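Trainee: Coordinates only, no sequence provided:
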Ligand code: DC
């Protein structure tokens, strides 16, 4: 028997939307929440990154909107997300593990560039929504609550100061053996923030633009603390 409001017969699978700028901790918080609730996960940024990687390998420039739209079908046909103990899941393209390739700085920059095109965003909508399944989904990105899953029962906007975000990303890259300075990372984060928040379509929304979004500043909190707080709120809402 369904025992929560969001699980009543006829309800679509419940969604938690987690949006926020680069390196705000969205991915980690989303993974922790999904694990606690037994939900599946959509890392929508990974789809933009995969598209950027496919474009580069197909010699399609990031400003070729129509050509990029045609490449979206390749994501649907050639990409498989396989379970990964650390990251939740990893993307494979025709058997090749592309998990690290899509996290490169080059791919981060290209992903921000391909994501400015309205038709590319439109073409990715159906694919993103196909991740919605029972018992529920945690989706992270920039427009999860505003565009892709406007009926999400919990919408969160995660923020953190740019210095703290640069420190976090630096730590991640150093752990992967990639040598880079915090200043370089900070510059890239600021430039991606500007690109993501000033594009015409589905820009990264500041916290106060949607009344139903819970804004959380994670600068002085760990991802586990943030996830615990959100889990409590999610459970209360699900039971309501
Ligand atoms: O979350 P991320 O850093 O992996 O995202 C990579 C880029 O993809 C980001 O610069 C902007 C874009 N993106 C987007 O436009 N909309 C989303 N829902 C997710 C990511």
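Mentor: Nice, I can see it. Bear in mind the structure is a predicted one, so any value in this text is a computation, not a measurement.
Trainee: in the protein, which ranges drop under the pLDDT threshold?
Mentor: 1-9, 206-210 (pLDDT under 70).
Trainee: just the residues of it that are near the ligand, which are they?
Mentor: With Cβ under 6 Å from any ligand atom as the criterion, the chain comes near the ligand at residues 22, 44-45, 48-49, 108, 111-112, 115, 141-143, 192, 196. Quick note: C-beta positions are derived from backbone N, CA and C, even for glycine.
Trainee: switch to 8 Å and redo it
Mentor: 19, 22-23, 26-27, 43-49, 108, 111-112, 114-116, 121, 128, 140-144, 148, 192, 195-196, 199, 202, 204 (Cβ under 8 Å from any ligand atom).
Trainee: Now the buried members of these.
Mentor: Burial by neighbour count, judged by 16 or more other Cβ atoms under 10 Å, picks out 19, 22-23, 26-27, 43-49, 108, 111-112, 114-116, 121, 128, 140-144, 148, 192, 195-196, 199, 202, 204 from the residues of the chain next to the ligand.
Trainee: quick one: which of those sit in strands?
Mentor: 19, 43, 140-141 (DSSP state E).
Trainee: tell me which of the residues you listed is nearest to residue 227?
Mentor: Residue 227 has its nearest neighbour among these in residue 140, at 12.0 Å by Cβ to Cβ.
Trainee: Make sure that closest one is actually in contact with residue 43.
Mentor: Yes - using Cβ atoms under 8 Å, residue 140 makes contact with residue 43 at a distance of 5.9 Å.
Trainee: Between the two, which contacts overlap?
Mentor: Taking Cβ atoms under 8 Å, 6 or more residues apart in numbering as the criterion, residue 140 and residue 43 both touch 27, 30.
Trainee: Show the backbone phi and psi for the closest residue to residue 23 other than its chain neighbours.
Mentor: Nearest residue to residue 23 in three dimensions, chain neighbours excluded: residue 165, at 3.9 Å (Cβ to Cβ, 6 or more residues apart in numbering). For residue 165, the backbone dihedrals (degrees, to the nearest 10) come out as phi -70, psi -40.
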